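> Structure, please.
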Amino acid sequence: MIGYAICGSFCTHARALESVRALLARGYELQPIVSEIVYRTDTRFGRAADFVEELEGLCGRRVICTIAAAEPLGPKTPLSLLIIAPCTGNTLAKMANGITDTAVTMAAKAQLRADRPVLLGLASNDALSANLQNIAALHTRKHVTFVPMAMDDSAAKPYSLVCDFQAIPDLVQQILGR
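Numbers count the residues shown, from 1 in each chain. Here you go, the predicted structure:
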């Protein structure tokens, strides 16, 4: 089972769902995980309830959206891989500094303390400024892999990076060897 966690970079949620579909098409089983913000926040990109319903329908499982529900992922319900895509700068900073106060950061903590892989697909407007040190810190962590990323709009958002969501299925195959 692969955990697929989604944080609040709402403008990239459609691309995240494309990755979910591609992984499911390759035969992977996914456990959806969403941050509390994703679970309850309606935005100009859509209603939270509609997004959660679509994700649950695709994966055939209820989303994990609380710290309490994510805690068993380490010892009781091991994941072969945890994908966090989009991973916001906020979540990235929390992971780099050992802060566990959301469902997604609890899932990451559970995964890393069990020496299992985490694949981070960053989507952050401050990746090349305030979060650059957190990217560097997590690059040195055992079992953490980053999805390739690039600037999404160098003129309007010169510090922003977004991962290549289309690369996720091939990276999963490389990490898991299947």
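
> any idea where the strands of the chain begin and end?
2-6, 30-34, 81-87, 118-124, 144-146, 149-150, 161-163 (DSSP state E).

> would CSV of these with mean pLDDT, distance to Val20 and mean neighbour count be doable?
For the C-beta atoms, the positions are set from N, CA and C on the backbone; glycine is no exception. Shown next, in CSV, are the strands of the chain (pLDDT from 0 to 100; distance: least, Cβ to Cβ, whole Å; neighbours: other Cβ atoms under 10 Å):
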stretch, mean pLDDT, distance to Val20, mean neighbour count
strand 2-6, 98, 6, 28
strand 30-34, 98, 6, 24
strand 81-87, 98, 9, 26
strand 118-124, 95, 12, 27
strand 144-146, 97, 18, 18
strand 149-150, 90, 19, 14
strand 161-163, 90, 14, 24
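
> okay, these in JSON lines with distance to Ala137 next?
Formatted as JSON lines, the strands of the chain follow (distance: least, Cβ to Cβ, whole Å):
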{"stretch": "strand 2-6", "distance to Ala137": "19"}
{"stretch": "strand 30-34", "distance to Ala137": "22"}
{"stretch": "strand 81-87", "distance to Ala137": "14"}
{"stretch": "strand 118-124", "distance to Ala137": "12"}
{"stretch": "strand 144-146", "distance to Ala137": "10"}
{"stretch": "strand 149-150", "distance to Ala137": "16"}
{"stretch": "strand 161-163", "distance to Ala137": "16"}
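
> Between those, which one is closest to Cys59.
Nearest of these to Cys59, taken as Cβ to Cβ: strand 30-34 at 4.6 Å.

> the inter-axis angle of the closest one versus strand 2-6?
If you take axes from the mean of the first three to the mean of the last three Cα atoms, to 10 degrees, strand 30-34 sits at 30 degrees to strand 2-6.

> and the gap between the residue sitting furthest away from the middle of the chain and Leu92?
Within the chain, the residue lying farthest from the chain centre (Cα atoms, centre = their mean) is Ala155, at 26.2 Å. Look at Ala155 and Leu92: by Cβ to Cβ, to the nearest Å, they are 24 Å apart.

> and Asp152, what is it in contact with?
Shown in contact with Asp152 (Cβ atoms under 8 Å, 6 or more residues apart in numbering): Ser160, Leu161, Val162.
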